[in-house]
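Student: The following block contains a protein sequence and its predicted model.
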Amino acid sequence: MKARFTDKVMVITGAAQGIGKRVAELAAAEGARLVLVDIADYVQGVAAELRDQGADAVAVLANLETWAGAEAVMAEAQKQFGRIDILVNNVGGTIWAQPFEHYTPEQIEKEIQRSLFTTLWSCRAVLPYMLKQNGGVIVNVSSVATRGLMRVPYGAAKGGVNAMTVNMAYEYASHNIRVNAAAPGGTEAPPRLTPRNAKEQSEQEKAWYQSLIDQTTEHSFMHRYGTLDEQAEPILFLASDASSYMTGTILPVAGGDLG
Ligand SMILES: NC(=O)c1ccc[n+]([C@@H]2O[C@H](COP(=O)([O-])OP(=O)(O)OC[C@H]3O[C@@H](n4cnc5c(N)ncnc54)[C@H](O)[C@@H]3O)[C@@H](O)[C@H]2O)c1
């Protein structure tokens, strides 16, 4: 198979587990030089594993809900590898699943911090480097939950991610910077080392979460969840030169659910 990322420097956020980790593994196999970012320190184990397999990979710990975190990550990537070709903004995920009237103001703010600000800060922080090198590729990981149940704040955050994807694509096309988003549907993954929400669910909360799962599978033409590979591959397609004439596109990856 052709190595699409030979010597490309790729920053992947939220790379300690789930979709981000799988993107890192597949990109490493195709020659990418990786900066793996996470708030969880076991991202260092992911980077070490990839180095053992011959990849060039470093781990950076940061809280991407802050501007300072995002700025430090991009500065470190530049310091380590001298450029940033690709940024995959993968951190996100709904923390609560409940009818909107049950969300507290604090929960709403937390959802927006987790699923919008992480991407907003990282995009802003990478731009000076991509502008200076006159090119780059950004892939934001959105969600088809922009049309869903039990997660209004998360849907709002991902709607924001979609809007910034299109606006940035428009604004920076003349600088040779492409910006696209993949919008996953429900995805099967091994049990999370870092749960989205560590608190034990009440019977009511379990029922609300089940209605989210039911809505997700009903809205997919295939009536099933996707796999980590089925999410990672479209992200890598958008990150690669194979999508060189695509920018400002939100690509739904949800078995026919368009979000
Ligand atoms: N899994 C799904 O079913 C699904 C469906 C649709 C969209 N998505 C989207 O795909 C992306 C990845 O989902 P996932 O299920 O693999 O996620 P996950 O929750 O399994 O992993 C997210 C990673 O991000 C890290 N992280 C969280 N907050 C952080 C912060 N402030 N700074 C740095 N790192 C932080 C976590 O430690 C974790 O390693 C998310 O954007 C999510 O919204 C996922």
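Tutor: Cool, got the structure. Model, not experiment: these values are computed from the prediction.
Student: hey, let's count contacts and neighbours off CA atoms from now on
Tutor: OK.
Student: those strands in the stretch 101-250 of the chain, which residues are they?
Tutor: Taking DSSP state E, counting those that start in this stretch as the criterion, the stretch 101-250 of the chain carries its strands at 136-141, 177-184, 250-253.
Student: The ligand contacts on the stretch 51-200 of the chain?
Tutor: Within the stretch 51-200 of the chain, the residues that sit near the ligand (C-alpha under 6 Å from any ligand atom) are 62-65, 90-93, 114, 141-143, 184-187, 192, 194, 196.
Student: List buried residues within these.
Tutor: Neighbour counting by 16 or more other C-alpha atoms under 10 Å classes 62-65, 90-93, 114, 141-143, 184-187 among those as buried.
Student: if we can go back for a sec, rebuild the strands of the stretch 101-250 of the chain as a markdown table, extending it with distance to Met74 and mean pLDDT.
Tutor: Output for the strands of the stretch 101-250 of the chain, formatted as a markdown table (distance: least, C-alpha to C-alpha, whole Å; pLDDT from 0 to 100):
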| stretch | distance to Met74 | mean pLDDT |
| --- | --- | --- |
| strand 136-141 | 13 | 99 |
| strand 177-184 | 16 | 99 |
| strand 250-253 | 24 | 98 |
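Student: Of the ones you listed, which is nearest Phe100?
Tutor: strand 177-184 (22.0 Å; C-alpha to C-alpha).
Student: This structure: helices as residue ranges?
Tutor: Assigned by DSSP state H, the chain shows helices spanning 18-29, 43-52, 67-81, 105-112, 118-132, 152-172, 203-219, 228-239.
Student: Please name whichever of these is nearest to Val35.
Tutor: Of all the helices of the chain, helix 67-81 comes closest under C-alpha to C-alpha, at 6.3 Å.
Student: chain center to the closest one, what's the gap?
Tutor: Mean-position distance between helix 67-81 and its chain equals 17 Å (C-alpha atoms, centre = their mean, to the nearest Å).
Student: so where's the chain shaky on pLDDT?
Tutor: Within the chain, the ranges that satisfy pLDDT under 70 run 1-2.
Student: Pro252 reaches Val141, doesn't it?
Tutor: No: between Pro252 and Val141 there is no contact under C-alpha atoms under 8 Å: 10.2 Å.
Student: shared neighbours of these two, which are they?
Tutor: Common neighbours of Pro252 and Val141 (criterion: C-alpha atoms under 8 Å, 6 or more residues apart in numbering): Ala182, Ala183, Pro184.
Student: Closest to Val58 out of these?
Tutor: Closest approach to Val58 among the shared contacts of Pro252 and Val141 (C-alpha to C-alpha): Ala182, at 24.4 Å.
Student: Give me the distance between the nearest residue to the closest one once chain neighbours are set aside and His223.
Tutor: In space, and not counting its chain neighbours, Ala182 is closest to Leu251: 4.7 Å by C-alpha to C-alpha, 6 or more residues apart in numbering. For Leu251, the distance to His223 equals 19 Å [C-alpha to C-alpha, to the nearest Å].
Student: Look at these two and report which has more neighbours.
Tutor: More crowded of Leu251 and His223, by other C-alpha atoms under 10 Å: Leu251, with 20 against 16.
Student: mind checking how far that one is from Gly31?
Tutor: Between Leu251 and Gly31 the computed distance is 24 Å (C-alpha to C-alpha).
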